[in-house]
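Asker: Predicted coordinates and the sequence they were generated for:
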Amino acid sequence: MTGIDEMSDADYMALKDEVFECTHKEPVTHLFNTVVGKSRGGLRIHQEKSEKRTSSFKHKLFAYQFTLFNVEKQKEISCRAVDTSYQKAKQKAAIKLLNQLEDTTQMPKNLIGFPNYRGHDFFIPVFLPLFWNKFFVESLVRATEIASTNKSKFKLFYGIKGLFEEYRKASFDQNFSMVNNPGPSTQPGRKPDLKIDQFIIKILLLLRIEQKDYATPGGDDTTLYKDIMRKLYEEFKTSNPFEDVLNFNFKIEFECSTCNQIDKYIINQPYLILRRSYFGVFNSLNDAMDTEKS
């Protein structure tokens with residue numbers, strides 16, 4: 001890529017005319033505080049700027065470039081923009097970089113659910129929050145590297161990965177907006193139906209081996225989440241790439257009724273079971289954890 005201070009007049013004018021959308025009100029702040037700040041040193045950012053008076057524009061134009069370096073992967077992404085001030089160019093360059101990052105690690109913004117042809121709406125509260133979690137999506141990539149060595153041992157993972165890829169594909173292409181009826185599409189000139197429904201059924205059949213309740217439509221999202229987490233741990237064992245993303249640590253303290261000794265433990269869990277009766281008593285998870293009887 002040509003250096004930002006070496007761009008031609010034509011390059012300046014082409015970048016000035018670029019138009020794109022951004023959902024972040026303060027893109028530069030979001031880029032530094034959320035993307036780079038929360039990477040804990042995993043991402044480094046470099047900034048460059050330049051200005052030029054072109055023959056086809058009566059005012060001076062300003063260029064700004066962000067270069068984001070991924071320390072772990074040793075890869076970098078550069079995005080530059082041009083506008084009538086450094087501030088405007090900086091905002092546009094940040095938007096451009098954020099959009100490019102979201103194209104690779106996050107779900108696009110147009111889909112909010114799965115089709116529900118067979119009574120499987122309980123998949124929605126389990127998988128959609130995961131698919132919108134960029135750390136979970138990054139874990140999918142790491143998990144693929146592990147699972148690719150022996151795909152037959154990671155059947156549930158590949159079911160989840162396939163479901164994510166089909167869901168993401170639809171959100172990028174508006175022609176897929178109302179497809180995915182069970183069975184293939186036969187309309188001339190129409191793209192093949194998505195396989196979201198097929199991957200949902202594949203996941204259910206894998207779970208059904210141990211629990212016959214998955215044989216019929218309808219289900220409980222809490223049970224589904226617990227079973228999904230358990231099966232992922234069974235497949236990946238100690239190399240589970242989802243552990244840091246999905247687990248949480250909490251400290252418990254208890255007193256021995258015989259010797260009055262107080263012990264403290266840190267427990268690492270993918271989920272915590274709470275009785276339904278707690279919901280009307282406690283205002284938060286911390287309230288429940290702080291109550292001895294619970």
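Answerer: Perfect, thanks for sending it.
Asker: Using CSV, list the CA coordinates for the longest helix along the chain.
Answerer: Longest helix in the chain by number of residues (criterion: DSSP state H): helix 86-105. In CSV, the C-alpha atoms belonging to helix 86-105 read as follows (Å, rounded to 0.1, in the frame of the first residue of the first chain):
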residue,chain,number,x,y,z
TYR,A,86,-8.3,15.9,10.1
GLN,A,87,-11.2,15.3,12.6
LYS,A,88,-13.6,14.2,9.9
ALA,A,89,-11.0,12.0,8.2
LYS,A,90,-10.2,10.4,11.5
GLN,A,91,-13.8,9.6,12.2
LYS,A,92,-14.3,8.1,8.8
ALA,A,93,-11.1,6.0,9.1
ALA,A,94,-12.2,4.7,12.5
ILE,A,95,-15.7,3.7,11.0
LYS,A,96,-14.0,2.0,8.1
LEU,A,97,-11.8,0.0,10.4
LEU,A,98,-14.6,-0.9,12.8
ASN,A,99,-16.8,-2.1,9.8
GLN,A,100,-13.9,-4.3,8.6
LEU,A,101,-13.4,-5.8,12.0
GLU,A,102,-17.1,-6.5,12.4
ASP,A,103,-17.2,-8.2,9.0
THR,A,104,-14.8,-10.8,10.3
THR,A,105,-15.6,-11.3,14.0
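Asker: I'd like the next helix or strand past it.
Answerer: Proceeding N to C from helix 86-105, the next assigned helix or strand is helix 124-131, under DSSP states H and E.
Asker: hey, C-alpha coordinates of that next one in PDB?
Answerer: In PDB, the C-alpha atoms belonging to helix 124-131 read as follows (Å, rounded to 0.1, in the frame of the first residue of the first chain):
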ATOM      1  CA  ILE A 124     -33.000 -18.600  20.100                       C
ATOM      2  CA  PRO A 125     -32.100 -17.600  23.700                       C
ATOM      3  CA  VAL A 126     -29.200 -20.000  23.700                       C
ATOM      4  CA  PHE A 127     -27.400 -19.400  20.400                       C
ATOM      5  CA  LEU A 128     -28.200 -15.900  19.400                       C
ATOM      6  CA  PRO A 129     -26.400 -14.300  22.400                       C
ATOM      7  CA  LEU A 130     -23.400 -16.500  21.600                       C
ATOM      8  CA  PHE A 131     -23.300 -15.700  17.900                       C
END
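Asker: so what secondary structure elements neighbour that helix?
Answerer: helix 155-172, helix 221-236 (3 or more C-beta pairs under 8 Å, 6 or more residues apart in numbering; DSSP states H and E). To be clear about C-beta, it is placed using only N, CA and C from the backbone, and glycine gets the same treatment.
Asker: In JSON lines: those, plus mean neighbour count and mean pLDDT.
Answerer: Output for these, formatted as JSON lines (neighbours: other C-beta atoms under 10 Å; pLDDT from 0 to 100):
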{"stretch": "helix 155-172", "mean neighbour count": "18", "mean pLDDT": "84"}
{"stretch": "helix 221-236", "mean neighbour count": "18", "mean pLDDT": "89"}
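Asker: Out of those, flag the one nearest E26.
Answerer: helix 155-172 (24.6 Å; C-beta to C-beta).
Asker: what angle sits between that closest one and helix 86-105?
Answerer: 140 degrees (axes from the mean of the first three to the mean of the last three C-alpha atoms, to 10 degrees).
Asker: Which strands or helices does the helix or strand just after helix 155-172 pack on?
Answerer: Sequence order places helix 196-208 as the next helix or strand after helix 155-172, per DSSP H and E. Packed against helix 196-208 by the contact rule (3+ C-beta pairs under 8 Å, 6+ apart) you find helix 155-172, helix 221-236.
Asker: which one of the ones you listed lies closest to F123?
Answerer: Nearest to F123 among the helices and strands packed on helix 196-208 is helix 221-236 (7.0 Å), distances taken as C-beta to C-beta.
Asker: Report the backbone C-alpha coordinates of the closest one in PDB.
Answerer: Provided in PDB are the C-alpha atoms of helix 221-236 (Å, rounded to 0.1, in the frame of the first residue of the first chain):
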ATOM      1  CA  ASP A 221     -33.600 -23.300  26.800                       C
ATOM      2  CA  THR A 222     -31.800 -23.800  30.200                       C
ATOM      3  CA  THR A 223     -31.600 -27.600  29.600                       C
ATOM      4  CA  LEU A 224     -30.400 -27.000  26.100                       C
ATOM      5  CA  TYR A 225     -27.600 -24.600  27.200                       C
ATOM      6  CA  LYS A 226     -26.500 -27.000  30.000                       C
ATOM      7  CA  ASP A 227     -26.300 -30.000  27.500                       C
ATOM      8  CA  ILE A 228     -24.500 -27.900  24.900                       C
ATOM      9  CA  MET A 229     -21.900 -26.800  27.400                       C
ATOM     10  CA  ARG A 230     -21.500 -30.400  28.700                       C
ATOM     11  CA  LYS A 231     -21.000 -31.900  25.300                       C
ATOM     12  CA  LEU A 232     -18.500 -29.200  24.200                       C
ATOM     13  CA  TYR A 233     -16.400 -30.100  27.300                       C
ATOM     14  CA  GLU A 234     -16.700 -33.800  26.500                       C
ATOM     15  CA  GLU A 235     -15.400 -33.200  23.000                       C
ATOM     16  CA  PHE A 236     -12.600 -30.800  23.700                       C
END
